[in-house]
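S.K.: the sequence isn't on hand, but the structure is:
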């Protein structure tokens, strides 16, 4: 496995653990942010293995899926689309108070659970088995 892909995998796990810690401390916006980052990094690991290149500096999960030639089950793809859109507002909020209201604990718990499910599925990718 490429060194950068290995680093992305390790970093993805670290970010997922950080999302769990953010949930425990009530920092719900950052749960969403870290979930996106964890998925982004595992997609970059797959993309690095597929293209044999350093992945582009992008946060767009759909674009990374295309580069990595990744086809998710429909429910996971719908979640990827949802969290991909959420990433923009968590990075660049126009109204931070409204952002906090949009991502309460119950929503954050759902995002974290779906992120874990997505990462488990992505880890089964044959390109990560090298």
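M.R.: Alright, I've got the coordinates. Bear in mind that the values here come from a model prediction, so they are computed numbers and not experimental data.
S.K.: make it CA atoms for all contacts and neighbour counts henceforth
M.R.: Will do.
S.K.: tell me the mean pLDDT for the host helix or strand of residue 33?
M.R.: Using DSSP states H and E, residue 33 sits within helix 28-51. Averaged across helix 28-51, pLDDT comes to 97.
S.K.: cool, and stretch 12-23?
M.R.: 98.
S.K.: what comes into contact with that stretch?
M.R.: Residues from elsewhere that reach stretch 12-23 (C-alpha atoms under 8 Å, 6 or more residues apart in numbering): 28, 30-35, 37-42, 105, 108-109, 112, 116.
S.K.: what's near enough to touch the residue most central in space within the chain?
M.R.: The centre of the chain sits closest to residue 39, judged by C-alpha atoms, centre = their mean, with a distance of 2.1 Å. Applying C-alpha under 8 Å, 6+ apart to residue 39 gives the contacts 12, 61, 115, 118-119.
S.K.: next one: residue 38
M.R.: Residue 38 neighbours (C-alpha under 8 Å, 6+ apart): 11-16.
S.K.: against residue 65, how distant is it?
M.R.: 14 Å (C-alpha to C-alpha, to the nearest Å).
S.K.: likewise for residue 7?
M.R.: Applying C-alpha to C-alpha to residue 7 and residue 65 gives a distance of 18 Å.
S.K.: who's more crowded, these two?
M.R.: residue 65 (19 against 14; other C-alpha atoms under 10 Å).
S.K.: now do the one helix or strand the more buried one maps to: everything it contacts.
M.R.: Element membership for residue 65 (DSSP H and E) is helix 61-67. For helix 61-67, the surrounding residues in contact (C-alpha under 8 Å, 6+ apart) are 39-40, 43-44, 47, 50-51, 58, 71, 80-81, 84.
S.K.: repeat that with 10 Å
M.R.: If you take C-alpha atoms under 10 Å, 6 or more residues apart in numbering as the criterion, helix 61-67 is touched by 36-37, 39-48, 50-51, 55-58, 68-72, 77, 80-81, 83-85, 87.
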